[in-house]
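Asks: sequence first, predicted coordinates after that:
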Amino acid sequence: MRPSDKELRKRGILFLGDSFTEGFGLLPEQSYPSLIEAKLGQNSPWQIINGGISGDTTMDAFYRLAPLLKRHSNVEVLVVFLGANDLFNQISPEFAYSYFKKIIEEARSTNSSMRIFVVEFPSIPGMGAKLATDFESIFPRLVKEMEIELLPFFLQGVMLQPEYCLADGVHPNAAGMEKVSVTVWNALFQNSSNIIDPLSLAPES
């Protein structure tokens with residue numbers, strides 16, 4: 001579905017991710033992008049775009065990005081929350097890094113002034129010390145080499161917490177997603193170093 005003229009007059013924030021962004025096992029309106037959109041309100045100058053697809057690795061998301069940006073030509077902010085499926089599929093950290101880099105380059109080729117945020121993703125138990133270190137080094141390396149802005153892990157205090165997760169113990173339930181949305185809101189709209197003004201006016205056409 002193509003965005004409406006009204007949506008195109010707004011400034012787009014694209015959340016590019018996997019099942020954690022899509023809202024696996026939940027209604028669409030329970031995903032954290034939808035909760036952020038609701039918090040911003042109908043009169044907000046920002047349009048929130050949920051670019052999450054369950055199962056996506058960094059490579060999968062890269063190949064979806066160009067069509068997404070073509071469909072949503074108003075995107076000014078990209079938030080990349082990926083890495084879980086790279087970890088679970090034991091994809092090498094160097095390979096994952098190469099596709100984080102491609103995602104950033106693709107976004108900048110579309111809009112050189114786009115603000116790009118990448119969400120840190122921690123290693124998981126049982127990975128092995130070297131693999132864990134190599135994976136976690138992806139994120140400071142992206143800051144240094146690609147000059148992106150880093151955001152804290154969105155699932156902090158939610159993942160593996162039974163009261164906040166579905167039966168699989170990993171994906172947030174509705175209460176967990178509410179908690180995630182607060183973390184995202186604080187990171188993007190309240191943190192003085194990363195702040196996006198939720199009331200900033202869209203540029204006049």
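Replies: Cool, got the structure.
Asks: for this structure, what spans make up the strands?
Replies: Remark: strands assigned in the chain by DSSP state E are 11-17, 46-52, 75-81, 115-119, 149-151.
Asks: which one, of those strands, ends up nearest to residue 190?
Replies: Residue 190 lies closest to strand 149-151 among the strands of the chain, at 12.0 Å (C-beta to C-beta). For the C-beta atoms, the positions are set from N, CA and C on the backbone; glycine is no exception.
Asks: quick one: mean pLDDT for that closest one?
Replies: Taken as a whole, strand 149-151 has a mean pLDDT of 95.
Asks: contacts for it?
Replies: 79, 115-120, 139-140, 142-143, 187-188, 194 (C-beta atoms under 8 Å, 6 or more residues apart in numbering).
Asks: now swap in stretch 117-134 and tell me
Replies: 77-84, 87-88, 93-94, 100, 104, 135-136, 139, 142, 148-154, 188, 194.
Asks: give me the buried positions along that stretch.
Replies: 117-121, 123, 127, 131-132, 134 (16 or more other C-beta atoms under 10 Å).
Asks: so where is this structure shaky, pLDDT-wise?
Replies: 1-8, 191-195, 199-205 (pLDDT under 70).
Asks: go again using 90 as the cut-off
Replies: Within the chain, the stretches with pLDDT under 90 are 1-9, 42, 90, 123-132, 189-205.
Asks: for it, just list every one of the helices.
Replies: Ranges of helices in the chain, per DSSP state H, are 5-8, 19-22, 32-40, 58-71, 84-88, 93-110, 129-136, 138-146, 174-185.
Asks: related to what we said a few turns ago, what's the farthest-apart pair in the contacts of strand 149-151?
Replies: 140 and 188 (19.8 Å).
Asks: neighbour count winner among those two?
Replies: residue 188 (21 against 11; other C-beta atoms under 10 Å).
Asks: would you check how far apart that one and residue 24 are?
Replies: According to C-beta to C-beta, to the nearest Å, residue 188 and residue 24 sit 22 Å apart.
Asks: tell me which of the helices of the chain is the most buried.
Replies: Of all the helices of the chain, helix 19-22 has the most neighbours on average by mean count of other C-beta atoms under 10 Å, namely a mean of 24.
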